[in-house]
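> curious how this folds, go ahead:
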Amino acid sequence: MSKRIWSIALAYVGVMIGAGVSSGQDLLQYFVSFGAWGLIGVIVLGILHVGFGRLMIALGSYYRSDDHSVVLAEISHPVIYRILDIALIITCFLFGFVMTAGAGANLNQQFGFPIWVGAFLCTALTIFVSFLDFKKIIGVIGVFTPMILVMIAMIFVTNVLGRHWDFAEMDKVSQTIQSPFPSIWLSVVNYFAVCVMSAIAMAFVMGGSILKINEAEKSGAWGGFMVGVIFFVTTLILFANSDEIASSDVPMLAIAKEVNPIFATLYALVIFGLIFNTVFSLYYALGKRFSAGSEKRFKFFVAAFALAGFAISFIGFRQLVAVMYPIIGYLGMLMLVVLVVASYRKKAKIRKEKEIRNHLLSIVEKAYDPNQDLTHRDKKKAEELREASILDNDILHEDSHVHVRQEMGISKKD
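Now for the predicted structure:
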């Protein structure tokens, strides 16, 4: 897997899992509360993440989008587009202050800090990182993903493997936890819709940074697969400890404390990093949506949304999860329908555009390879391919050369 695919896949995981899976609070309410059926439900959730992760990143790449409105305007009816655009704007803001509250709850539970301290630190970091360039941002978002993978694996090995499992008792205890839904299947769909609504805006932007659509598809599929594995293992850990963590704001942190106090401290810091990933991604997407290409307006809107989210976050993390997640999920169900329809309608066009870009890049590579000759026929074919693409001719010309130079490690001066 290329560095670009790996980078986007890790960033996608960092954006998608956020506070919920690393803290365990939403998995506790959405899946563990259904007992053994919750484990089956979370497997279905993982399958959905692979398929839709591939689709979302690919659509971003296909349109080379730098904000969600670019894609939504193309794949949905104008009326549906307006509804979804408004729903995404509202969702990004709602989810942003829910996650900000999670940052406060996390540091409060582990270190005893006042809740406002963690929320303020998360807000300040969000504003600061918005001043970095996009490549550095992707690096920051992806840095915590390998850490949480390793840490969840360590918790699973030390806390779950080798212990005596009274499955019937755990199933009974877990079902005493209150769930927002009467059915596991409604819970699966609603929670997946929550995930999509919280991450799709940034997923489109990340996809838009990739020229090769097949690389975008692999990034989304691998990212979705990793998300699915993390969800399942975390749910299994919570299920095995349901009698001890039902009343905890950050149940995974409570379990981490049983492994080792130092480990729990590190885990709390990684959770904070993942919460920041989600908060920043949401406000970054909102900033892009309202900036109209202006860097100054972008930074202003990121700061404005982040500060407003900080003010509202004092309502409380667990209460916000229980109330806001289902609402966001119902809004997201319409988004899922639009994505499914887009997948069916755009499949042939995406395949054709993929072939165009791959063929064009193979020609551009000749221009930088001293062992190959770029012929007049090649140049004419490259022009035909750029004309056939959905992208602007000049932009595609520049982007294809930038892509090849990066692949071959060639600076622009060379």
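> just list what the helix or strand hosting L84 packs against, helices and strands only.
According to DSSP states H and E, L84 maps onto helix 78-111. Helix 78-111 makes packing contacts with helix 3-23, helix 68-75, helix 115-129, helix 184-208, helix 251-259, helix 261-291, helix 295-312, helix 317-368 when contacts are defined by 3 or more CB pairs under 8 Å, 6 or more residues apart in numbering; DSSP states H and E. C-beta: built from backbone N, CA, C; applies to glycine.
> out of those helices, which gets nearest to V173?
helix 251-259 (13.3 Å; CB to CB).
> pull out the buried residues from the closest one.
251-256, 259 (16 or more other CB atoms under 10 Å).
> out of the residues you listed, who's nearest S219?
Set against S219, the nearest of the buried residues of helix 251-259 by CB to CB is M252 (26.4 Å).
> how deep is the closest residue to the closest one other than its chain neighbours tucked in, by neighbour count?
Once flanking residues are discounted, M252 sits nearest to G24: 3.7 Å by CB to CB, 6 or more residues apart in numbering. Neighbour count for G24, taken as other CB atoms under 10 Å: 28.
> cool, the one 3 residues further on as well?
By the other CB under 10 Å criterion, the neighbourhood of L27 contains 28 residues.
> what's the separation between it and F34?
Here L27 is placed at a distance of 11 Å from F34 (CB to CB, to the nearest Å).
> shaky segments in the stretch 51-200 of the chain?
The model of the stretch 51-200 of the chain has pLDDT under 70 over residues 133-135, 138-142, 162.
> residues contacting the residue nearest to I255 when sequence neighbours are not counted?
In space, and not counting its chain neighbours, I255 is closest to N241: 5.4 Å by CB to CB, 6+ apart. By CB atoms under 8 Å, 6 or more residues apart in numbering, the residues touching N241 are 159, 251, 255.
> and N241, how far is that from D171?
N241 sits 13 Å away from D171, going by CB to CB.
> same deal with I271?
27 Å.
> between the two, which one's more packed in?
The neighbour comparison of I271 against D171 (other CB under 10 Å) goes to I271, with 30 against 17.
> is that one in contact with A254, as I believe?
No. Shown here, I271 and A254 do not form a contact pair, counting by CB atoms under 8 Å, at 11.8 Å.
> still on that earlier bit, and the angle from the helix holding L84 to helix 251-259?
For helix 78-111 against helix 251-259, the angle by axes from the mean of the first three to the mean of the last three CA atoms, to 10 degrees is 30 degrees.
> who touches stretch 254-261?
Here stretch 254-261 has contacts from 24, 109, 151, 154-155, 158-159, 237-238, 241, 244-245, 248, 263-264, 267-268, using CB under 8 Å, 6+ apart.
> mind checking the pLDDT average for that stretch?
Stretch 254-261 shows a mean pLDDT of 82.
> and for stretch 378-398?
91.
> give me the buried positions along it.
By neighbour count on 16+ other CB under 10 Å, the buried set for stretch 378-398 is 378, 382, 385-386, 389, 391, 396-397.
> pick out the most distant pair among those residues.
Spatial extent of the buried residues of stretch 378-398 (CB to CB) is set by the pair D378 and L391 at 19.5 Å.
> hmm, back to that, just send the helices and strands packed on helix 78-111 back as CSV, with distance to G60 too.
Formatted as CSV, the helices and strands packed on helix 78-111 follow (distance: least, CB to CB, whole Å):
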stretch, distance to G60
helix 3-23, 10
helix 68-75, 6
helix 115-129, 20
helix 184-208, 2
helix 251-259, 30
helix 261-291, 11
helix 295-312, 18
helix 317-368, 11
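> W165 is nearest to which of these?
Evaluated over these, closeness to W165 peaks at helix 251-259, with 15.5 Å, by CB to CB.
> okay, angle between the closest one and helix 261-291 too, please.
On the basis of the same axes, to 10 degrees, helix 251-259 is oriented at 160 degrees to helix 261-291.
> contact partners for W185?
G41.
> what's the burial count for the closest residue in space to T123 that isn't next to it in sequence?
Nearest residue to T123, sequence neighbours excluded (CB to CB, 6+ apart): F310, at 4.3 Å. Around F310 there are 23 other residues, counting by other CB under 10 Å.
> residue contacts, F310?
Here F310 is in contact with 97, 100, 119-120, 122-123 (CB under 8 Å, 6+ apart).
> in those, find the pair that's most separated.
Pairwise distances across the contacts of F310 peak at 12.9 Å for F97 and F120 (criterion: CB to CB).
> which one of these two has more residues nearby?
Shown here are F97 and F120; by other CB under 10 Å, F97 has more neighbours (26 against 18).
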